[in-house]
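# take a look and give me a structure for this.
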Amino acid sequence: MRGENNDYNVKRLPKKTAPARFGRKLTASQKERATHICVDCGYIYSDATPFNETDPDYRCPQCKAPKKRFAKYNAETGKQAGGTEGDLATLLTVTVGLAGVGVLAYLGLSL
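Reported below is the predicted structural model:
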């Protein structure tokens, strides 16, 4: 749209409320069942059906992320459980990348 837009004053638009399930505290019964968390939006899966028995096409009700975007969750700490696989993969990626840069630098300087 070209020209000035005087139809809307964006500083005075009404505020949108957060989704109903976003940022809410878990009850004691939900904490017992909480096993997985969506890494994209933080939704905590605490339904009665175990997470492993859900449909393979299950999606996060908040952000529609697929089932593979869920990680194990520790309800006592309130954080993602485990996570060592991701740290090891990151370390390996950085190490191989630095080795590759070293090889390219050696080849570049030797010519």
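# for the chain, longest strand please?
The residue-count maximum for a strand in the chain (DSSP state E) belongs to strand 70-74.
# list the strands paired with that strand, with their directions.
Strands that pair with strand 70-74, judged by DSSP bridges, come out as strand 36-38 (antiparallel), strand 79-80 (antiparallel).
# got the CA positions of it in PDB?
Extracted as PDB, the C-alpha positions of strand 70-74 are listed here (Å, rounded to 0.1, in the frame of the first residue of the first chain):
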ATOM      1  CA  PHE A  70       8.400 -33.300  22.200                       C
ATOM      2  CA  ALA A  71      11.200 -34.100  24.700                       C
ATOM      3  CA  LYS A  72      11.100 -35.900  28.000                       C
ATOM      4  CA  TYR A  73      10.000 -33.600  30.900                       C
ATOM      5  CA  ASN A  74      10.900 -33.700  34.600                       C
END
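# contact partners of it?
Contact with strand 70-74 is made by 34-39, 44-45, 51, 60, 79-83, as judged by CB atoms under 8 Å, 6 or more residues apart in numbering. Quick note: C-beta positions are derived from backbone N, CA and C, even for glycine.
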